[in-house]
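Colleague: Build me a structure from this.
(one chain, ligands or ions: 1)
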Amino acid sequence: MFPIDHFKQEPTPFYYYDIHLLDETLREMSEYSSPYGFHVHYAVKANANPELLKRIAAAGFGADTVSIGEINAAISAGFPAAKIVFAGVGKTDYEISEALKLGIGCFNAESEPEIERLEENARQQGKIAPVALRVNPEIDAHTHHYITTGLAENKFGIAMEMLDHLISKCMESEWINLRGLHFHIGSQITDLEPFKILCQRINTLQEKYADVAFPTINVGGGLGIDYENPDAHPVPDFKSYFDIFHNNLKLRPQQQLHFELGRAVVAQCGSLVCRVVYVKEGVGKKFAILDGGMSVLIRPALYQAHHKIENITSKSEMTETYDVVGPICESSDTFGTEETLPKTSRGDLIVLRSAGAYGETMACGYNCRPLPSSVYSR
Ligand code: LLP
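Modeller: Modelled structure (predicted):
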């Protein structure tokens with residue numbers, strides 16, 4: 001499956017992207033969303049690699065962004081400005097003003113002071129700002145607490161109690177065009193039930209605000225992927241996911257439904273490839289020490305996430321148990337404990353699977369290590 005001979009020539013660590021799998025994922029996402037007329041904006045935060053962005057843009061999807069840097073990356077990759085939405089709790093005046101100049105499709109506003117800045121910037125430019133209000137629907141997505149975002153009191157979104165006031169504020173402003181409501185309940189959600197609850201919450205809100213026009217409803221992202229068994233589920237179950245919204249959400253006539261999927265689009269097509277620098281014998285354990293660690297893939301250290309680990313070059317029939325660790329000076333720099341791998345030696349190539357989302361984008365230069373490079377299937 002991996003082009004091992006090619007990998008042997010490459011300096012490690014690097015991210016490998018299976019472009020065929022990305023294309024297949026995009027095809028299925030389209031196949032199951034377009035018959036319902038749904039619009040998907042890819043969440044650029046999951047991976048802003050220009051090669052991937054170009055393919056996602058060319059497949060006709062929009063972009064969901066959280067900084068002017070992401071907006072510029074999306075525009076360079078070919079996403080039309082009108083198909084870019086801009087979320088985030090801390091949009092600066094500079095970001096708002098640049099995004100307005102570019103004519104992006106929608107600002108997903110997260111607070112009253114932000115709405116005031118949007119209005120002021122729009123007035124200065126003599127342009128009307130398209131705005132959706134990000135509502136906190138108070139749903140527990142049963143995912144890691146660092147990536148649960150829809151609960152009542154957190155830094156994201158607007159509490160339902162404050163919605164009356166902010167809807168009126170937007171409607172009264174001549175510089176704001178209220179486009180609709182935006183939601184996002186969390187990430188890596190594998191049980192689809194919370195999405196059903198989200199639909200019910202939205203139905204209730206739409207009834208409550210029956211006299212307010214919401215041309216779009218945006219339900220955010222969050223669809224999870226199979227980290228333990230990537231080969232069994234290389235493409236997420238988009239059909240069940242989109243069906244949930246089709247079957248449970250009561251859209252008004254002409255109302256558009258938007259999604260902001262990130263992980264589900266790019267996670268499975270990416271792998272982190274590292275080399276074993278040393279196999280170290282501890283008192284009762286063996287450590288496989290890699291040349292890439294938490295500075296290139298932070299998810300295990302930050303969220304106790306586990307990526308499937310494979311030794312792709314060992315020819316040994318024997319297996320052994322290893323703690324697979326990185327070279328960074330932190331104990332949390334561990335990719336897996338007691339991993340069963342074929343007998344592993346210095347120089348072997350180790351792959352961390354399902355690393356296409358929140359891998360390369362979250363890499364940093366800690367310990368003055370270089371950022372990882374990327375290799376693509378052809
Ligand atoms: N929309 C909004 C408003 C978001 O905050 C996010 C992700 C998404 C869409 C895309 O969610 P996705 O479809 O990828 O689940 N670094 C963490 C995940 C952070 C997610 C942040 N927000 C991780 O590696 O698990």
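Colleague: Would you mind listing what in the chain touches the ligand?
Modeller: Within the chain, the positions lying close to the ligand (C-beta under 6 Å from any ligand atom) are 43, 46, 64, 87, 147, 149, 184, 187-188, 220-223, 260-264, 299, 303, 358. Every residue, glycine included, has its C-beta placed from N, CA and C.
Colleague: what are the phi and psi values for residue 41?
Modeller: Backbone dihedrals for residue 41, given as degrees, to the nearest 10, come out at phi -110, psi 120.
Colleague: for the helix or strand of the chain with the lowest mean pLDDT, the distance to its chain's centre please.
Modeller: Here the helix or strand of the chain ranked lowest by mean pLDDT, DSSP states H and E is strand 158-159, holding a mean of 92. Relative to the centre of its chain, strand 158-159 is centred 22 Å away, using C-alpha atoms, centre = their mean, to the nearest Å.
Colleague: Check which helices and strands that strand sits against.
Modeller: Applying 3 or more C-beta pairs under 8 Å, 6 or more residues apart in numbering; DSSP states H and E, one finds that strand 158-159 contacts strand 129-136.
Colleague: avg pLDDT for the strand it packs on?
Modeller: Mean per-residue pLDDT for strand 129-136: 97.
Colleague: repeat for stretch 308-323
Modeller: According to the model, stretch 308-323 has a mean pLDDT of 98.
Colleague: Tell me which helix or strand the residue in the stretch 101-250 of the chain that the ligand sits nearest to sits in.
Modeller: Closest to the ligand within the stretch 101-250 of the chain is residue 221: 2.6 Å, counting by C-beta to the nearest ligand atom. Counting by DSSP states H and E, no helix or strand carries residue 221.
Colleague: Tell me the confidence at residue 146?
Modeller: We have a pLDDT of 56 for residue 146.
Colleague: From the contact counts, what lies against the longest strand along the chain?
Modeller: Under DSSP state E, the strand in the chain containing the largest number of residues is strand 270-281. Packing contacts for strand 270-281, counted by 3+ C-beta pairs under 8 Å, 6+ apart, involve strand 14-17, strand 286-290, strand 349-352.
Colleague: quick one on the thing from earlier: what number of residues lie near the residue of the stretch 101-250 of the chain closest to the ligand?
Modeller: Neighbour count of residue 221, defined by other C-beta atoms under 10 Å: 24.
Colleague: same thing with residue 372?
Modeller: Neighbours around residue 372, by other C-beta under 10 Å: 21.
Colleague: need the contact list for it.
Modeller: 13-15, 272, 292, 296, 360, 363 (C-beta atoms under 8 Å, 6 or more residues apart in numbering).
Colleague: Nearest residue to residue 373 in space, please, no chain neighbours.
Modeller: Once flanking residues are discounted, residue 373 sits nearest to residue 14: 4.7 Å by C-beta to C-beta, 6 or more residues apart in numbering.
Colleague: for stretch 96-105, the distance to its chain's centre please.
Modeller: That offset, for stretch 96-105, works out to 22 Å (C-alpha atoms, centre = their mean).
Colleague: So what does residue 77 have for phi and psi?
Modeller: phi -80, psi -10.
Colleague: Run a quick neighbour tally on the nearest residue to it once chain neighbours are set aside.
Modeller: Residue nearest to residue 77 in three dimensions, not counting chain neighbours: residue 53, with 3.5 Å by C-beta to C-beta, 6+ apart. Neighbour count for residue 53, taken as other C-beta under 10 Å: 23.
Colleague: likewise residue 256?
Modeller: Counted with other C-beta under 10 Å, residues neighbouring residue 256 total 15.
Colleague: so where's the chain shaky on pLDDT?
Modeller: Along the chain, the parts satisfying pLDDT under 70 run over 142-153.
Colleague: which ones are touching the residue in the stretch 1-150 of the chain that the ligand sits nearest to?
Modeller: The ligand sits closest to residue 43 of the stretch 1-150 of the chain, with a gap of 3.6 Å, by C-beta to the nearest ligand atom. By C-beta under 8 Å, 6+ apart, the residues touching residue 43 are 64, 221, 260-263, 265.
Colleague: Among those residues, which ones are in helices?
Modeller: Residues of these located in helices (DSSP state H): 263, 265.
Colleague: would JSON lines of the contacts of residue 43 with distance to residue 158 be doable?
Modeller: Listed next are the contacts of residue 43 as JSON lines, based on distance: C-beta to C-beta, whole Å:
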{"residue": "64", "distance to residue 158": "18"}
{"residue": "221", "distance to residue 158": "18"}
{"residue": "260", "distance to residue 158": "17"}
{"residue": "261", "distance to residue 158": "22"}
{"residue": "262", "distance to residue 158": "22"}
{"residue": "263", "distance to residue 158": "24"}
{"residue": "265", "distance to residue 158": "27"}
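Colleague: For residue 352, state which of the contacts of residue 43 is nearest.
Modeller: For those, the residue nearest residue 352 by C-beta to C-beta is residue 263; the value is 15.2 Å.
Colleague: For that closest one, the count of nearby residues, please.
Modeller: 25.
Colleague: Run through the strands of the stretch 251-378 of the chain in chain order.
Modeller: Assigned by DSSP state E, counting those that start in this stretch, the stretch 251-378 of the chain shows strands spanning 256-259, 270-281, 286-290, 309-311, 319-325, 334-342, 349-352, 373-376.
Colleague: so which of those strands is the most packed in?
Modeller: Neighbour counts (mean count of other C-beta atoms under 10 Å) averaged over each of the strands of the stretch 251-378 of the chain peak at strand 349-352, with a mean of 24.
Colleague: Need the nearest residue in space to the residue of the stretch 1-150 of the chain closest to the ligand, chain neighbours excluded.
Modeller: residue 262 is the one closest to residue 43 (C-beta to C-beta, 6+ apart), at 3.0 Å.
Colleague: ok, now residue 44?
Modeller: Once flanking residues are discounted, residue 44 sits nearest to residue 70: 4.5 Å by C-beta to C-beta, 6+ apart.
Colleague: now for the helix or strand containing that neighbour, which elements pack on it?
Modeller: For residue 70, the enclosing helix or strand under DSSP H and E is helix 68-77. On a contact count with 3+ C-beta pairs under 8 Å, 6+ apart, helix 68-77 meets helix 50-58, strand 62-65, strand 84-86, helix 93-102.
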